[in-house]
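Asks: My questions concern the predicted model and sequence given below.
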Amino acid sequence: MRWRDTRDFARLSAIVYGFAGIVVPVLGWLVGLAMLMTSPRWSSREKVVAAGVPTTLTLVAALATAVASATEATPERLAVVVHLPSGYDVAWFGAVVVLIVTASIGLRLMLAIRD
């Protein structure tokens, strides 16, 4: 039996997928995703969710950051619009949401390992 076919590899890939992105932001997630995709322990649907959800959330966060940055209050508009979040605030919020969702998917994958 090959190492990538074992439960231990599946368990390790779920941990790397869910939590390595916190330690090494993009590279850790990509390594975990590659490990996850090579393991036969998950269905195609679970693999698509694991790849698609964080990618989609990251794109939405990037778009929201761009919109927030473009509409930031200028000195002329500052008196009118005071309570809009800056692009920086939106970017950090988006990053935190992506990390939490990715870690949650990693935990879900730990519970969904097939025999």
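Replies: Yep, that arrived. All values reported here derive from a predicted model rather than from experimental measurement.
Asks: Let me know the next secondary structure element after the longest helix along the chain.
Replies: Ranked by residue count and defined by DSSP state H, the top helix of the chain is helix 44-70. Using DSSP states H and E, the next helix or strand after helix 44-70 towards the C-terminus is helix 87-111.
Asks: And the contacts of that following helix?
Replies: Applying Cβ atoms under 8 Å, 6 or more residues apart in numbering, the contact partners of helix 87-111 are 11, 14-15, 17-19, 21-22, 29, 32, 36, 42, 46, 49-50, 53-54, 57-58, 60-62, 64-66, 68-70, 72, 85. Quick note: C-beta positions are derived from backbone N, CA and C, even for glycine.
Asks: ok, of these, which come out buried?
Replies: For these, a burial check counting by 16 or more other Cβ atoms under 10 Å picks out 14-15, 17-19, 21, 29, 32, 36, 42, 46, 50, 54, 57-58, 61, 64-65, 68.
Asks: List the contacts of T65.
Replies: G87, V90, A91, G94.
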